[in-house]
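> the amino acid sequence is not available; the structure is as follows:
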């Protein structure tokens with residue numbers, strides 16, 4: 001009897017415990033579901049807030065960029081306006097300055113007048129320096145090099161036919177090692193008189209001299225003019241400065257040809273030697289086949305060649321040809337040719353005169 005109520009109580013307690021566990025499990029599930037719903041709602045709210053913040057930031061950035069662009073354009077336009085005002089002011093002042101002391105009725109443009117005013121205020125070299133500076137027509141060969149002295153064959157320059165003189169010739173200017181450096185060409189007109197002498201290097205024109213003695217540079221711009229003096233010497237009258245200090249002196253041999261020919265280029269008034277051109281003799285005593293041209297340091301060799309051979313081509317050689325065309329000249333020429341042929345025959349026969 002006593003064990004029955006205890007067993008019932010235990011059964012009842014077990015049932016109560018199971019009901020409590022079931023209730024607890026149901027409550028936990030409900031709580032978890034509620035928590036999940038709250039988390040989902042919070043996540044949605046955060047996403048909405050982030051989207052709203054991003055939109056606000058984009059709108060703010062766009063507004064800042066627009067404001068900055070407007071300010072940048074305004075600043076650029078302001079600087080452009082300032083620059084235009086300054087340029088206009090400078091142009092006005094320049095025009096006023098260039099018109100100061102301008103002769104009335106002058107046709108000079110503003111640019112020409114401005115150039116004159118600026119040139120007048122530039123520093124000028126001392127007169128002594130300008131007077132003593134050597135002219136140069138081309139910088140191809142200045143000073144002494146291993147090619148000096150230059151060698152010019154005499155054969156093409158000499159008069160071949162004493163009865164019919166032809167001025168034209170073409171010859172190479174050689175280095176001391178017989179390497180061609182320049183080409184010297186003399187053209188003639190329709191009646192056989194010399195008209196134009198040119199000095200070229202690999203086809204490029206370096207200098208030229210026409211029949212009246214005018215020298216031209218590589219660009220065919222007048223450089224100066226050879227003027228004959230009463231003494232028979234020639235001076236170079238420079239086109240730019242008008243100086244006449246470059247002097248070419250000629251010494252001819254006793255015979256009416258290029259034997260013992262010697263030319264010197266000096267600098268007046270002190271007579272400073274600038275260059276020489278000499279036809280000497282061979283070691284055996286015969287006439288050399290070349291004219292040797294030598295310059296001193298700082299002297300333009302192309303200008304030396306142009307002035308020396310300008311004198312030879314337009315004065316000395318035509319004068320020799322005209323002298324040889326007289327009766328005495330013909331007789332002398334025939335004698336020279338006979339003498340030369342006899343000398344050549346004796347050399348071939350190894351007979352010494």
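Received it, and whenever you're ready, just let me know what you need. None of the values given here were measured: they were computed from a predicted structure.
> from residue 236, how far out is residue 200?
21 Å (Cβ to Cβ, to the nearest Å). For glycine as for every other residue, the C-beta is placed from the backbone atoms N, C-alpha and C.
> so which of these two has more stuff around it?
residue 236 (25 against 16; other Cβ atoms under 10 Å).
> find the nearest non-adjacent residue to that one, please.
residue 246 (3.8 Å; Cβ to Cβ, 6 or more residues apart in numbering).
> OK, contacts around that neighbour?
Counting by Cβ atoms under 8 Å, 6 or more residues apart in numbering, residue 246 makes contact with 135, 224, 235-236, 238, 265, 267-268, 274, 303, 307.
> of those residues, select the buried ones using a ChimeraX command.
A single ChimeraX command selects the buried members of the contacts of residue 246 (16 or more other Cβ atoms under 10 Å):
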select :135,224,235,236,238,265,267,274,303,307
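> in helices, which of the contacts of residue 246 fall?
303, 307 (DSSP state H).
> about what we covered before: for the residue nearest to residue 236, give the beta-bridge partners.
Residue 246 has these beta-bridge partners by DSSP bridges: residue 236, residue 267.
> and the pLDDT at it?
Note for residue 246: predicted pLDDT of 95.
> what about it, distance to residue 311?
12 Å.
> what does residue 283 give?
For residue 283 relative to residue 311 (Cβ to Cβ), the value is 29 Å.
> higher neighbour count, the two?
residue 311 (22 against 6).
> helix or strand: which one has that one?
helix 301-311 (DSSP states H and E).
> in the helix or strand that that helix is followed by, what counts as buried?
Using DSSP H and E, the helix or strand that follows helix 301-311 towards the C-terminus is helix 317-324. Residues 317-318, 320-321, 324 are the ones in helix 317-324 that count as buried (16+ other Cβ under 10 Å).
> likewise for stretch 133-143?
135-138, 140-142.
> reformat these as JSON lines; add distance to residue 156 and pLDDT.
Putting the buried residues of stretch 133-143 into JSON lines (distance: Cβ to Cβ, whole Å; pLDDT from 0 to 100) gives the following:
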{"residue": "135", "distance to residue 156": "28", "pLDDT": "91"}
{"residue": "136", "distance to residue 156": "27", "pLDDT": "91"}
{"residue": "137", "distance to residue 156": "23", "pLDDT": "91"}
{"residue": "138", "distance to residue 156": "23", "pLDDT": "85"}
{"residue": "140", "distance to residue 156": "22", "pLDDT": "82"}
{"residue": "141", "distance to residue 156": "21", "pLDDT": "84"}
{"residue": "142", "distance to residue 156": "27", "pLDDT": "81"}
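> distance to residue 77 and secondary structure for those - can I get that in a markdown table?
Converted to a markdown table, these look like this (distance: Cβ to Cβ, whole Å; DSSP: H, G, I helix; E, B strand; the rest coil):
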| residue | distance to residue 77 | secondary structure |
| --- | --- | --- |
| 135 | 56 | coil |
| 136 | 54 | coil |
| 137 | 55 | coil |
| 138 | 54 | coil |
| 140 | 56 | coil |
| 141 | 59 | coil |
| 142 | 56 | strand |
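> and of these, the nearest to residue 188?
residue 137 (23.5 Å; Cβ to Cβ).
> contact partners for the closest one?
Here residue 137 is in contact with 206-207, 215, 217-218, 223, 300, 302-303, 306 (Cβ under 8 Å, 6+ apart).
> what about residue 93, which SS state?
helix (DSSP: H, G, I helix; E, B strand; the rest coil).
> how close does it sit to residue 84?
From residue 93 across to residue 84, the span is 15 Å (Cβ to Cβ).
> what of residue 172?
63 Å.
> higher neighbour count, the two?
Per other Cβ under 10 Å, whichever of residue 172 and residue 84 has more neighbours is residue 172, with 15 against 10.
> quick one: name whatever helix or strand follows the one helix or strand the more buried one maps to.
For residue 172, the element it lies in under DSSP H and E is strand 169-174. Following strand 169-174 in sequence order, the next helix or strand is strand 180-188 (DSSP H and E).
> can you list the neighbours in contact with that next one?
Contacts of strand 180-188 (Cβ under 8 Å, 6+ apart): 141, 147, 150, 152, 166-175, 194-201, 206, 302, 305, 309, 313.
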